[in-house]
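Q: give the three-dimensional model of this entry:
(3 chains)
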Amino acid sequence: MTAVLETRALDKRFGGLHVTRGVSLQLNAGDRLALIGPNGAGKTTFVNLVSGVLAPSAGQVMLAGEDVTRRTQAQRVRAGLARTFQITTLAPHLPVQRQVELALFEREGLTGRAWRSIDAYPLLAAEARALLGDFGLAAHAGLATERLAYGEQRLVEMALAIALRPRVLLLDEPMAGVPQGEGARLLAALAALPADLAVLIIEHDMDLVFRFARRIVVLAEGAVLADGTPDQIRRDPMVRAAYLGA
Amino acid sequence: MNAVTGSAAARCAPAWRAPLIVLAVGLVAWWVLPDQLGLVTRLAVTALLVLSLDLVVGIAGLATLGHAALFGAGAYAAGTFALRMHPDPLLGLAVGVGAGALLALASGAFLLRYSGFTFLMLTVAVAQIVLSLAQKGRDWTGGDDGLTGFTMAPLLGRFAFDMEGRTAALYAIAVLAAGLYLARRVVDSPFGLAVRGIHENRARMAALGTPVFARLLAMYTVAGALAGAAGALSAQTNAIVGMDSLSFALSAELLVMLILGGAGRLTGALIGALVFTLLHHTAASINPYHWLFIVGAALMVVVLLPPQKAWNWLRARMGATT
Amino acid sequence: MQTLLNIGIDGIAYGMVLFVIAVGLSVTLGLMRFVNLSHGAFAMIGGYAAALLTREAHWNFWLALPVAVLGTALIGALLEALVLRHLYKRSELEQVLFTIGLAFFLIALTNALAGPQVQLITLPPLLAQSVDLGFRTLPAQRLLVIAAGLLVAAGAAWTMARTRFGIWLRAAVDHADTASTLGIPIRTVQCASFAVGAALAGLGGVLGAELMPLEPYYALKYLVLVLVVVAVGGMGSIMGSLVAALSLGTIETASKYLASEWGSLFFFVAMAAMLALRPHGLLKR
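A: You can find the predicted model right below:
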């Protein structure tokens, strides 16, 4: 079976800084993979390379067997790759519902249509409302995103990625900056992700990692230190030395 | 536009509403001010031009100081067409629209590779280059003396352009209403929403799969078409096109009109154009420099008002939807 | 050959004027992140002050010049301390709007006070003559302009690299909060830099009065050129501004001599090309 996401010896240098060292990784449909590692290990850089925000110095990125290394971020999204950002990246003044509808319009290839009103797509509007309902945000559909609580904004971030119906989902620290009380809904949303979706999550919260992940990859100084089940990782002496031990 | 509580996003107003109001107001003005029809025409033309700028600045979020080039291109194209090919106004209007759109497409393909201050300065460069070309090509453009010598044929074959400007004013108001309708439909479409999304957060739109460059270029071209229409109107109703239609001063004035009227909502562009053209008209007839006192003071006061109040007011002006 | 030399000298002189005016704007834009579109007004104020002092009050040019420059510095400092400092935290657009408004206001004020006609500065006999350099003679005024430009460039470079003030300035820009906890007097640095920028603009206004006639619209008319120099040279890069000003000034002068019916086409084509190839400035990566 072809991996739905594969990187082959992905490498990135910034001048003298070798940030990503030959990372080869495979992700299959339904995987729940957590990418962990100390700060500066290159986790977000890796996600940026996979999603197309950065171009690699060497190596390849394959989506369902197709080489997408030369493709732009937008092209990769259309090929089934979605991601969230560590720092919430939303259009601050657009109402939440419109943001989700925008994701749906983009998914359906409708943003080239310049005549019909955005209110004339009842099916997509209903889908948007349903999705917001799944995330418990229905009551805030009309509010501008900047007016939401931070935890709720992170939920919108995730909802937008889900709306695109991706095959691969990259979550960059979804819990980052979320106050104690607001995390429960995010955790529930994570648990409710579609079963056939391949998910790669970067997280520092070890509780979440061990609860959510069925496979863990440890990144240190840009290279893969270990790749295995949560139990294997917990017991791996190298990992304990480099990371978990502290 | 929007909800303090909000279990649903506010629906867009029907696209025909604002244009209908414009038509109504315009007709009333036409009826009630038969001696001021030149001014009414100028108001309509300026409103259309500032409206086109709103698409670029308010909707797409691209600060430009070179918008006059699109206006001037439409004006010179329509004037040249009337002079050398055919004096029919509607054909000339189409030519003006085409010229504005073409210049926007060509320059936008270069300009939109840049952003921020660099983009702003490059828009100035492009506009000045167009101005220099117009000065060089004085055999075609008439140079500093302007392009003259063309008379427009009757509109629709029946309504001649009369000395009092009755036909011209109605023509300009009609084109303005049509332009507003087009702009409204475009802005309230999925395309318009995507462009607004790009304005607010480019990274977010790229993460949704939007071809950002293509969308911005398309909006810039639409704006160019409307600016070209305004230019054609100006050429046809004045029967002259001057170098000032390509000037930096015009670009700057348009931007000021838009911001003070409120960017991002389309109606703000009309209000800004209306209020400031009237102020300018009144002040300038006393002393050209008085206008600068008024608008200069107005700008400074607007920015210096108590921060919270001014901030909310200014944010609303700059097109916040809440 | 003679023409080429003329182009060279006039081009460099023009470039120097642009540089001297642009330096202050580059500093406030690049280092203080403050968009000041009223910068051209300082050049105008300096020029007007010198014109009125020499022509109306019959002062000696060599006295009027420093007084005009210092006066402009004072006005700049007052403006910064009383009004503009409140705008540093505001958005770019607000800064643009306010400073354009200020420029409009100053244009109208200048007209109200001094009328719309062009102001001439009475040059001293020393500057009115030509200097024999051996291989050719040059108007002394041009030599003064070029020398002044070089002095300003050297002075600015030395200040930034060698003096405490220069270090303070760079620190204040990169990390204003940290800098103030280190005891660097941020407000003084900001006000002083702004005042110096204004003074230099005033100097440029006086030096360039022949090439850029002093009249009320001066404040905005030449703003575009100055903005171009800052953009091409790179915000905050003094050397970048120098290179940009000299190259663009020479191109503009050359086109005036050789292809005047093309207007400023070559200037803006060159500018667009330089900016397109190096969007962050000529000397920056």
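Q: okay, now the unreliable bits of the stretch 51-200 of chain C?
A: Scanning the stretch 51-200 of chain C for pLDDT under 70 picks out C:134-135, C:172-177.
Q: what parts of it come near chain B?
A: When proximity is defined as C-beta under 8 Å from any C-beta of the partner chain, the stretch 51-200 of chain C approaches chain B at C:83, C:86-87, C:90, C:93-94, C:97-98, C:100-109, C:111-112, C:116. The C-beta positions use only the backbone N, C-alpha and C, and glycine is treated the same way.
Q: of the residues you listed, keep whichever come out buried.
A: Listed as buried from those are C:87, C:90, C:93-94, C:97-98, C:100-109, C:111; burial here means 16 or more other C-beta atoms under 10 Å in any protein chain shown.
Q: which helix or strand contains residue C:25?
A: Element membership for residue C:25, per DSSP states H and E: helix C:2-30.
Q: buried residues, whichever helix or strand comes after that helix. List them.
A: Sequence order places helix C:39-55 as the next helix or strand after helix C:2-30, per DSSP H and E. Residues of helix C:39-55 classed as buried: C:39-54 (neighbour count, 16+ other C-beta under 10 Å).
Q: and which of those residues is nearest chain B?
A: Chain B lies nearest to residue C:41 out of these, by C-beta to the nearest C-beta, at 10.9 Å.
Q: distance check, that closest one against chain A.
A: 35 Å (C-beta to the nearest C-beta, to the nearest Å).
Q: now that residue, nearest residue through space, not along the chain?
A: Beyond its immediate neighbours in the sequence, the residue positioned closest to residue C:41 (C-beta to C-beta, 6 or more residues apart in numbering or on different chains) is residue C:219, lying 4.0 Å away.
Q: residue C:154: neighbour count?
A: 10 (other C-beta atoms under 10 Å in any protein chain shown).
Q: can I take it that it is in a helix?
A: Yes: applying DSSP: H, G, I helix; E, B strand; the rest coil, one finds residue C:154 inside a helix.
Q: please report how far it lies from chain A.
A: 32 Å.
Q: and what of residue B:251?
A: 26 Å.
Q: circling back: the residue nearest to residue C:41: neighbour count?
A: 28.
Q: which is the next helix or strand following the helix or strand encompassing it?
A: Assigned by DSSP H and E, residue C:219 belongs to helix C:218-221. Note on helix C:218-221: by DSSP H and E, the next helix or strand toward the C-terminus is helix C:223-233.
Q: who are the packing partners of that next one?
A: helix B:116-136, helix C:2-30, helix C:39-55, helix C:238-258, helix C:265-277 (3 or more C-beta pairs under 8 Å, 6 or more residues apart in numbering or on different chains; DSSP states H and E).
Q: quick one: mean pLDDT over that helix.
A: Mean pLDDT, helix C:223-233: 90.
Q: quick one, it and helix C:265-277 angle?
A: 40 degrees (axes from the mean of the first three to the mean of the last three C-alpha atoms, to 10 degrees).
Q: can you give the contact residues for helix C:223-233?
A: With C-beta atoms under 8 Å, 6 or more residues apart in numbering or on different chains as the test, helix C:223-233 has contacts from B:117-118, B:121, B:124-125, B:128, B:248, C:18-19, C:21-22, C:25-26, C:29-30, C:37, C:39-40, C:103, C:239-245, C:248, C:267-268, C:271, C:274-275, C:278, C:281-283.
Q: mind checking pLDDT for residue C:264?
A: So residue C:264 comes in at 87 (pLDDT).
Q: need the contact list for the nearest residue to it once chain neighbours are set aside.
A: The shortest distance from residue C:264 to any non-neighbouring residue, by C-beta to C-beta, 6+ apart, is to residue B:132 (5.6 Å). Residues counted as contacts of residue B:132 (C-beta under 8 Å, 6+ apart) are C:262, C:263, C:264, C:265, C:268.
Q: top of those by neighbour count?
A: That'd be residue C:268 among the contacts of residue B:132, by other C-beta under 10 Å, with 25 neighbours.
Q: right, and it touches residue B:128 too?
A: Yes: under the criterion of C-beta atoms under 8 Å, residue C:268 makes contact with residue B:128 at 4.4 Å.
Q: what helix or strand does the residue most central in space within chain B sit in?
A: For chain B, the residue nearest the mean C-alpha position is residue B:49 (1.9 Å; C-alpha atoms, centre = their mean). If you go by DSSP H and E, residue B:49 is part of helix B:37-54.
Q: and that helix, what other elements does it pack with?
A: Judged by 3+ C-beta pairs under 8 Å, 6+ apart, helix B:37-54 is in contact with helix B:17-32, helix B:166-187, helix B:212-238, helix B:248-261, helix B:267-286.
Q: which stretches of chain A have low pLDDT?
A: The low-confidence ranges in chain A, as defined by pLDDT under 70, are A:1, A:243-246.
Q: tell me which residue of chain A lies closest to chain C.
A: residue A:15 (10.3 Å).
Q: near that residue, how many other residues are there?
A: 5.
Q: same check on residue C:137?
A: Neighbour count of residue C:137, defined by other C-beta under 10 Å: 11.
Q: the helix or strand containing residue B:294 vs chain C: in contact?
A: In this assignment (DSSP H and E), residue B:294 forms part of helix B:288-304. Yes: shown here: helix B:288-304 in contact with chain C (C-beta under 8 Å from any C-beta) through B:289-290, B:292-293, B:295-300, B:302-304.
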